[in-house]
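1. no FASTA, just this:
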Ligand SMILES: [Zn+2]
């Protein structure tokens, strides 16, 4: 909300600089988001008087205006048609800077010849001065402006850009804000005089108000003003509207807008003579009713909305927009002025259904205090009388079904101390509240507080506590540390696990990414062109922003693959990524099950250890190594890796399920070539996916036992085993462990060889077997004996031979 | 035979000790001869093997050989210690290019949001807060109603919401993507009794046009402390401590009045601008201050709704955005970088 400080100063003396004022407002809850100086950059622009006008000798559309300024009169060429002799206008001499209406930038005025006539500077439009977007005519200044006076002295102002919080609808007007300023600066408030001559007939003869929907209309006030002349508003009024960014239209509309900006209360003016039956009925629409609104649109009404009707038909969408048929025009002579209070509920629903937001609806939406309606009605009626030559009816109509008794709240220094941690006396409390217009009465050790009418947001003692706190200033409240007992926090094993997994994977050289939880069909179809078997339908948004973010993901893999693609495209040679995030699995009649998942993806070249070594192509075993490292470090010993082919996403020959004591913790493998093609990968991609909930389950029961370091040396033997290709290395290992018995400490593969020197269809596996006894130094003979047992078993079961 | 085994083991221990204690090459050589020389003690035992029973020979023989090998290895190792080392002048000529880059083990990195969440949580954990998490898909009740934001409340405009299509779940109650982590205030209070000190990081979502400072998905950290006698002064102290830990101990903080429907009084905490130190610049929109978090004393209505007696218990709550903190701290101009996952961006975070 934009507020002119000059305007504000009409209601409260402002003794502090604008910056200080902005600070006080900001600290007390009304944030000043910006301060702009109106008139900054107007150097050289002065008030001129149109001395004479004559047509341009060669161009019909142009006029030559002689402008009287302090020195010799100057002649300017203008295309505007709204100038009259005697008008005071802003005159910008050559060199002054104006906004270029085309580029929007400031540029200096040059001395130019326009169609052969020299123009000594220009007369300016509102837009050129940066006042508004209007550029149709020249800005006509107040007749009181002095010739030669700098324009900045006439129109200069400071405009505050304020953010009004939803709990303070009373601050949506300049006057409400003045009230805050008065309280903050301890200056007194000057309220507008609301008395006017009531020369017309009794208002009750002119119209009757009937509220048929008292739940939606809390108050309806109206007055009737006769003999109104609709014309342009005086300069000062138009100027005020401009400071708030509102375009002047005609005196009646301008007055309703002015009062809306002043009090925050929207008003509506009807052409009284177009209303039928001298009746105003506030009701829900009848089935099938429609209305043509001011913007010319015919709107179908539904029974949840609220309309203002005359004896026969709807004449306005209550609180949203007036009807075209009862609109005030230049020919209007009698005005019925409405100042009402509509409940936010009806406004919100109507405004939502019709997709129509207006200055009025936005304000009613915030729940205005009903007290404003009567004040604003009197204020606007007075202005219509004084500025449009009108005669006001005697009295005003005021139907007020929503009247509520004002409440009294009890506040004690003890309660204030309990919440704020600061000790204040009753006198200090009542002084702070008094500044804000609260009526306080001491009763024993308590304060009985009555809110002013416009503060319907104040309901409970805590509300008053805040009022006191913001008035004395939050910085006066002391700063303490939490005392009191520490809560007994239950352990958070899931969070500890995910954090540990993150650290382990970072240690494995992986980069963490975080992608969007919302996915779209375009991405999902790259994974599974048809519906995935057994995969749950994802939850969908009722109001997605884009089709790419319309469902809640049920797997993290698609997003991660997209992330890999994205980085490969950016010349990132080998993304090695992981993400920990949730998938959302729908459940009937309940919130979805949110499961924490881990996904890993690796692509591109493998290990490149700097300048001395060649890059080794990344493969399946790089990923498997990471997975093994992860499991070992989580103390999940001896996980089972089993071939799996049931994965749509993984290469059927290169996929693995990871099991641990019957729990299937996850899968890993190479990306299925078909999916790889959909994503346009040109390098192999390896993926792993873990269910962290299951991983957590597996980690729960862990009982780690630590042995002392061995006292006796180990004996190592290398075996070169030649076996058929189809024999899995894990099978060899299992047999070695079986035959090795208790003295076998470790089995490791140190070499795998295919090709020359071997019979076709075979491979040579170099295996290091380590033996150790916890009790003694092993001797060659016993090691040799176990070794023989191992080779025998291998030979028997797999046909393995020792290589010569 | 067991005596022989014992003797061998003792001999080995003795030999190792003597080798280690020898002061120079001569002494070391004497030790070697003493054990392994032609009349050495180990040699003597090896010669005696022939006198053993045939079935004992292999085991003791192997052991004796092992002892001999071990002593030899130790002697060689110890001898290296007495070798003359070339002078520094000569060593200086034996150059390598020490400016060549080292071989780095290549650790990965945590996402910056994870890093900043950890740091923030860490500060609060030191102050006795526990870290908890909650659902991202929520009921309207927890996200709004229970937080004093009934339907059609003007304040609902503060949170533009993604609603879940009720189709699949077949639910009557409105379901949404949480717009803030505040629903966890209610869930935690429903499940526990005071004292409460928790901090809740998590993803949130808003139906908001995406630009340099707005994302439809973002992270938030909620804080909640409830007990008897918790005051606004405690709120100030706790959050001030947090700001100093995270942004440096000279940081100035400012608490000003602000409005959130579920707190009363409401607070906005700002810190003095990094760039201009309070003078006013583009980063702080000329105000000299950077808004960091919203907070306030838990609204009595909220306490009553979860069955806490508002006359007995009080507390404070706060919410902050880790992305905003990171942006301010590191001078990042566009919030979309965080979910863009461009490694050239992510790798800049140590
Ligand atoms: Zn700054």
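-> Thanks, I have it. Please read these numbers as outputs of a predicted model, since none were measured by experiment. Numbering: from 1, shown residues only, chains lettered A, B, ... in the order given.
2. what's the longest strand in chain B?
-> strand B:217-228 (DSSP state E).
3. just the buried residues of that one, please?
-> Neighbour-count burial for strand B:217-228 flags B:217-227 (criterion: 16 or more other CB atoms under 10 Å in any protein chain shown). Quick note: C-beta positions are derived from backbone N, CA and C, even for glycine.
4. assess the claim that residue A:146 and residue A:48 are in contact.
-> No. Shown here, residue A:146 and residue A:48 do not form a contact pair, counting by CB atoms under 8 Å, at 10.7 Å.
5. higher neighbour count, the two?
-> A direct count of neighbours by other CB atoms under 10 Å in any protein chain shown for residue A:146 and residue A:48 places residue A:48 higher, at 31 against 13.
6. that one against residue A:90, yeah?
-> Yes. Residue A:48 is in contact with residue A:90 according to CB under 8 Å; the separation is 7.3 Å.
7. need the overlap of contacts for the two.
-> Shared contacts of residue A:48 and residue A:90 (CB atoms under 8 Å, 6 or more residues apart in numbering or on different chains): residue A:123.
8. run through the residues of the stretch 1-150 of chain B sitting next to chain A.
-> Residues of the stretch 1-150 of chain B lying near chain A by CB under 8 Å from any CB of the partner chain: B:58-59, B:62-63, B:66, B:100-111, B:113-114, B:118, B:127-128, B:130-133, B:135-139.
9. show me these that map onto strands.
-> B:130-131, B:137-139.
10. of these, closest to the ion?
-> residue B:131 (32.1 Å; CB to the ion).
11. ok, the nearest residue to the closest one once chain neighbours are set aside - contacts?
-> Once flanking residues are discounted, residue B:131 sits nearest to residue B:121: 5.1 Å by CB to CB, 6 or more residues apart in numbering or on different chains. Neighbour list for residue B:121: B:129, B:131, B:199, B:201, B:221 [criterion: CB under 8 Å, 6+ apart].
12. now, the most widely separated pair of the residues you listed?
-> B:129 and B:201 (11.4 Å; CB to CB).
13. enumerate the residues of chain A near the ion.
-> Nowhere does chain A come near the ion, counting by CB under 5 Å from the ion.
14. which helix runs longest in chain A?
-> The longest helix of chain A (DSSP state H) is helix A:780-798.
15. quick one: contacts of the following helix or strand past that one?
-> Following helix A:780-798 in sequence order, the next helix or strand is strand A:801-802 (DSSP states H and E). The set of residues external to strand A:801-802 that reach it, using CB under 8 Å, 6+ apart, is A:719-723, A:791, A:795.
16. now do 10 Å
-> For strand A:801-802, contacts defined as CB atoms under 10 Å, 6 or more residues apart in numbering or on different chains pick out A:719-723, A:759, A:762, A:764, A:787, A:791, A:794-795.
17. in chain A, which helix or strand is least confident?
-> Lowest on mean pLDDT, DSSP states H and E among the helices and strands of chain A sits strand A:112-114, with a mean of 71.
18. for the stretch 501-650 of chain A, which segments count as helices?
-> Under the criterion DSSP state H, counting those that start in this stretch, the stretch 501-650 of chain A carries helices at the ranges A:521-527, A:557-569, A:620-633.
19. so of the ones you listed, which one's packed in deepest?
-> Neighbour counts (mean count of other CB atoms under 10 Å in any protein chain shown) averaged over each of the helices of the stretch 501-650 of chain A peak at helix A:557-569, with a mean of 21.
20. for chain A, longest strand please?
-> Chain A, longest strand under DSSP E: strand A:590-603.
21. now the strands for the stretch 151-300 of chain B?
-> B:175-177, B:196-205, B:217-228, B:253-257, B:263-272, B:289-298 (DSSP state E, counting those that start in this stretch).
22. among these, which comes closest to residue A:451?
-> strand B:263-272 (14.7 Å).
23. could you give the mean pLDDT of that closest one?
-> Averaged over strand B:263-272, pLDDT sits at 95.
24. how far off centre is it?
-> In terms of CA atoms, centre = their mean, to the nearest Å, the centre of strand B:263-272 is set 28 Å apart from its chain centre.
25. what is the burial count for the residue in the stretch 501-650 of chain A that the ion sits nearest to?
-> When scored by CB to the ion, the stretch 501-650 of chain A has residue A:514 as its residue closest to the ion, at 28.9 Å. For residue A:514, the number of neighbouring residues by other CB under 10 Å comes to 21.
26. right, and it touches residue B:116 too?
-> No. Here residue A:514 does not reach residue B:116: they are 11.8 Å apart, not a contact under CB atoms under 10 Å.
27. overlap of the contact sets of the two?
-> Common neighbours of residue A:514 and residue B:116, counting by CB under 10 Å, 6+ apart, are B:219, B:338.
28. sorry, back to before: direction included, what does the longest strand of chain B pair up with?
-> Each strand paired with strand B:217-228, and its direction, by DSSP bridges: strand B:196-205 (antiparallel), strand B:313-320 (antiparallel).
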